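Trainee: Have a look at this prediction, sequence included:
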Amino acid sequence: MDGGVSLEGDVIEGVPGRYWHALEDGRIQCDLCPRYCKLNEGQRGLCFVRARSGDRMVLTTYGRSSGFCIDPIEKKPLSHFLPGTPVLSFGTAGCNLTCKFCQNWDISKARDLDRLMDQAPPEVIAEAAQRTGCRSVAYTYNDPVIFLEYAVDVAEACRARGIRSVAVTAGYICEEPRAEFYRQMDAANIDLKAFTESFYKKLCSSSLGAVLETLVYLKQETDVWIEITTLLIPDENDSPQEIERLSAWVMDKLGPDVPLHFTAFHPDWKMRDKHNTPPETLLRACRIAKQTGLRYVYSGNIHHPPSQTTHCHGCGAGLIVRDWHELQGWGLDDAGRCRACGTVCAGLFEGPPGTWGRRRQPLTLKGLAAKMPAGPPA
């Protein structure tokens, strides 16, 4: 996708960014995502946080967060990655997509960087995760690919402490930065927004093809644990035919063990004229996906424990019984096998499940940050 909207800035400060090159006409081109924004001096890309300052690209949000919260890992959603454990979640501002239905629009569409009040160098985040007993850190709320340099440094600091990293992303990223970004990730939930190019173009100003490339790359070229989420919007991407095509593609290209989450839409941002997704639409989608051969299919944003429980594909026993984001039953042994029949359940399971439950705990890191250096690693 050539170009993209760029906004004039005043004095733009930030740390040096990667993945750009100079053009013959004097502009520089951002090569992070398929938008390829082309910038004159003082301009920002569509994501708003990657900008031109002098003759280089800078990331304006390094070390600054819109907030931190300890969540259940199931909220990302990840159903097969360290179930029941707490994850330290954070984001920055901006986004490289323009989804009209964005449900985090106050963060992802932010144009006021002063809202990024929580100073958070990478080592501070890693230490906070360790002190609070979090098994992982999630890069979420807005898309982490746009703050790649920051996310990579945080992930490296976390890995040194035995803390895993989780990307919650739309997967809209170019080949070279994609390899660097996911080299530091242990799990990812990819937001597959629909299964038509027209949806992506009309409602997101992006492309389906680039996201499918990311999914295939993750499955074939990495050890990253992946799950997929599709937000079903009435009359936009919820037809049985589209659900069948999407599910069949996942089965064919990624295999039966990649979990697929269908979640309910609520009116927000620029799509307030739509109705909430009926629960039956989600349950129908789950049935269709399972009929294509997918083993782990879930509903989200509704209360329906049967469609949020992990069942053994060998004998049908309940392996991980869930009520919303809380675990209520556990049928796996320490090796991740069904206790009833011995069938292996795909995912990352390390002994007994966590007991964090459905709690959400806001967190501030200002006290920790004051004791540690604020810049990127030397």
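Mentor: Arrived safely.
Trainee: In terms of helices and strands, where is the closest residue in space to Gly255 that isn't next to it in sequence?
Mentor: Distance criterion Cβ to Cβ, 6 or more residues apart in numbering; nearest residue to Gly255, sequence neighbours excluded, is Lys219 at 7.2 Å. Every C-beta, even on glycine, is put in place using the N, C-alpha and C of the backbone. According to DSSP states H and E, Lys219 maps onto helix 208-221.
Trainee: Name the residues that touch stretch 203-220?
Mentor: The contact list for stretch 203-220 (Cβ atoms under 8 Å, 6 or more residues apart in numbering) reads 1, 33-35, 96-101, 170-173, 175, 178, 182, 188, 190, 192-197, 199-201, 224, 226, 228, 236, 249, 253-255, 258, 271.
Trainee: Let's see which of those residues end up in helices.
Mentor: 175, 178, 182, 197, 199, 249, 253 (DSSP state H).
Trainee: Where neighbours are concerned, which of those residues has the most?
Mentor: Using other Cβ atoms under 10 Å as the neighbour criterion, Tyr182 leads the ones in helices among the contacts of stretch 203-220 with 25 neighbours.
Trainee: what sits against that one?
Mentor: 167, 188, 217-218, 222, 224.
Trainee: run the last query once more with 10 Å
Mentor: 145, 155, 165, 167, 169, 171, 173, 188, 214, 217-218, 221-224, 226 (Cβ atoms under 10 Å, 6 or more residues apart in numbering).
Trainee: again with Thr61
Mentor: Contacts of Thr61 (Cβ under 10 Å, 6+ apart): 14-15, 47-50, 91-94, 110, 113, 116, 142, 146-147, 149-150.
Trainee: Now which of these would you call buried?
Mentor: 14, 47-50, 91-94, 110, 113, 116, 142, 146-147, 149-150 (16 or more other Cβ atoms under 10 Å).
Trainee: Can you flag which of those belong to helices?
Mentor: Per DSSP H, the subset of the buried ones among the contacts of Thr61 in helices is 149-150.
Trainee: quick one: low-confidence parts of the stretch 1-150 of the chain?
Mentor: Low-confidence segments of the stretch 1-150 of the chain, defined by pLDDT under 70: 1-11, 104-117.
Trainee: residue ranges of the strands in it, please?
Mentor: Counting by DSSP state E, counting those that start in this stretch, one finds strands in the stretch 1-150 of the chain at the ranges 7-8, 15-16, 20-22, 28-30, 38-39, 43-44, 50-53, 56-59, 64-65, 67-72, 86-91, 118-119, 136-139.
Trainee: helices and strands around the last one, which ones?
Mentor: Strand 136-139 is packed against strand 67-72, strand 86-91, helix 122-131, helix 148-160, strand 164-169, strand 187-191, with contacts defined by 3 or more Cβ pairs under 10 Å, 6 or more residues apart in numbering; DSSP states H and E.
Trainee: Check which helices and strands the third one sits against.
Mentor: Spelled out, it's helix 122-131. strand 67-72, strand 86-91, strand 136-139, helix 148-160, strand 164-169, helix 366-369.
Trainee: and what of the shortest one?
Mentor: With contacts taken as 3+ Cβ pairs under 10 Å, 6+ apart, strand 187-191 sits against strand 136-139, strand 164-169, helix 208-221, strand 225-232, strand 260-264.
Trainee: List the buried residues of the longest one.
Mentor: Using 16+ other Cβ under 10 Å as the burial criterion, the residues of helix 208-221 that qualify are 208, 210-215, 217-219.
Trainee: who touches the residue positioned nearest the centre of the chain in this structure?
Mentor: The structure's the chain has its C-alpha centroid closest to Val168; by Cα atoms, centre = their mean the separation is 1.0 Å. Residues in contact with Val168 (Cβ under 10 Å, 6+ apart) are 75-78, 87, 89, 91, 138-144, 187-191, 227, 229.
Trainee: So Leu78 sits against Leu348, correct?
Mentor: Yes: at 9.1 Å, Leu78 counts as touching Leu348 under the criterion of Cβ atoms under 10 Å.
Trainee: Now do the shared contacts for the two.
Mentor: 136, 187, 225.
Trainee: returning to what we had before: now the buried residues of helix 208-221 in JSON lines, with pLDDT and distance to Glu127?
Mentor: Listed next are these as JSON lines, based on pLDDT from 0 to 100; distance: Cβ to Cβ, whole Å:
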{"residue": "Leu208", "pLDDT": "98", "distance to Glu127": "39"}
{"residue": "Ala210", "pLDDT": "97", "distance to Glu127": "35"}
{"residue": "Val211", "pLDDT": "98", "distance to Glu127": "34"}
{"residue": "Leu212", "pLDDT": "98", "distance to Glu127": "37"}
{"residue": "Glu213", "pLDDT": "98", "distance to Glu127": "36"}
{"residue": "Thr214", "pLDDT": "98", "distance to Glu127": "31"}
{"residue": "Leu215", "pLDDT": "98", "distance to Glu127": "33"}
{"residue": "Tyr217", "pLDDT": "98", "distance to Glu127": "32"}
{"residue": "Leu218", "pLDDT": "98", "distance to Glu127": "29"}
{"residue": "Lys219", "pLDDT": "98", "distance to Glu127": "33"}
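Trainee: can you tell me which of those lies nearest to Gly54?
Mentor: Gly54 lies nearest to Ala210 out of those, by Cβ to Cβ, at 29.6 Å.
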